[in-house]
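K.L.:
take a look and give me a structure for this.
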Amino acid sequence: MPTDLPNLLTLSRIAAIPLLVIFAAIREPWADLAACVIFSAAAITDYFDGKLARSRKQISDFGRMLDPIADKLLVGAALMLLAGMGRLTDFGLFPAIVIMLREILVSGLREYLAGLSLGLPVTKLAKWKTGFQMGALGTLLAGDSAAPLVWLGWLPVSLIGELMLWTAAVLTLLTGWDYLQAGLRHVTGGAAPREAPRDIHAEAGAQPAQTPLH
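P.N.:
Numbers count the residues shown, from 1 in each chain. Predicted coordinates:
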């Protein structure tokens, strides 16, 4: 049911996007910090919705459908905000492009592989990718402006965020290549594909049986 707690947590990620946009648009240190907190809280729900769905046996088709959509909307909104508001340098813009393009690629592959009922298990590499990506976006939303509010003004926060984004982009390419290989092997009728990571933001705990490639 859409009103089950796991599904409500998934829906909360979508509901957080307008708040994220509003606070990021204010362009004040306190608002940047608020945007970081909102994004981070929304990202954390991606772990708990899956964990609760398993423990409460509330796995649903609604959740399986919505979870990857919510994840991609949240990450896409954050990337577009950072790029559109000039919060990324040229150095940080390139990994953002890589991540967005890979999301589009994986969405297409997901549609195809889901029709084949192909299960793609979670891997440690996919979990690291998700961790770096979400951490990078949260860090960049806070930026150097919000750092003094939490006594971290001495840290190059934006630079750290962009380095994390580059790390996420590299891991994104590696996990995306696994998906592409899996799809191509089925298209060409080759051997069964090597297991690729089920790289969703909920890799740390998305709603199970959701085999969304993320």
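K.L.:
which other helices and strands does the lowest-mean-pLDDT helix or strand in the chain contact?
P.N.:
Least confident helix or strand of the chain, by mean pLDDT, DSSP states H and E, is helix 90-115 with a mean of 84. Applying 3 or more CB pairs under 8 Å, 6 or more residues apart in numbering; DSSP states H and E, we find helix 90-115 packed against helix 61-84, helix 157-187. To be clear about C-beta, it is placed using only N, CA and C from the backbone, and glycine gets the same treatment.
K.L.:
could you tell me how many residues sit around Met85?
P.N.:
Other residues lying near Met85 total 11 when counted by other CB atoms under 10 Å.
K.L.:
that older thread, show me what the helix or strand following the least confident helix or strand of the chain is packed against.
P.N.:
Next along the chain after helix 90-115, taking DSSP states H and E as the criterion, comes helix 124-146. Judged by 3+ CB pairs under 8 Å, 6+ apart, helix 124-146 is in contact with helix 29-55, helix 61-84, helix 157-187.
K.L.:
ok, which of those helices comes nearest Ala146?
P.N.:
When the helices and strands packed on helix 124-146 are compared for distance to Ala146 using CB to CB, the nearest one is helix 29-55, at 4.0 Å.
K.L.:
show me what that closest one is packed up against.
P.N.:
Applying 3+ CB pairs under 8 Å, 6+ apart, we find helix 29-55 packed against helix 5-26, helix 61-84, helix 124-146.
K.L.:
make sure Gly76 is actually in contact with Ile104.
P.N.:
No - using CB atoms under 8 Å, Gly76 makes no contact with Ile104, being 9.7 Å away.
K.L.:
circling back to that earlier point, report the buried residues of the least confident helix or strand of the chain.
P.N.:
Going by neighbour count (16 or more other CB atoms under 10 Å), the buried part of helix 90-115 is 92-93, 95-96, 98-100, 102-103, 105-106, 109-110, 113.
K.L.:
and for stretch 145-165?
P.N.:
For stretch 145-165, burial by neighbour count (16+ other CB under 10 Å) applies to Ser145, Ala146, Ala147, Val157, Ser158, Ile160, Gly161, Glu162, Leu163, Met164, Leu165.
K.L.:
do you know how far Glu28 is from Leu73?
P.N.:
Separation of Glu28 from Leu73 (CB to CB, to the nearest Å) stands at 25 Å.
K.L.:
which one of those two has more residues nearby?
P.N.:
Of the pair Glu28 and Leu73, Leu73 is the one with more neighbours under other CB under 10 Å, namely 15 against 11.
K.L.:
Ile17 versus Ala146, what's the distance?
P.N.:
Distance, Ala146 to Ile17, by CB to CB: 19 Å.
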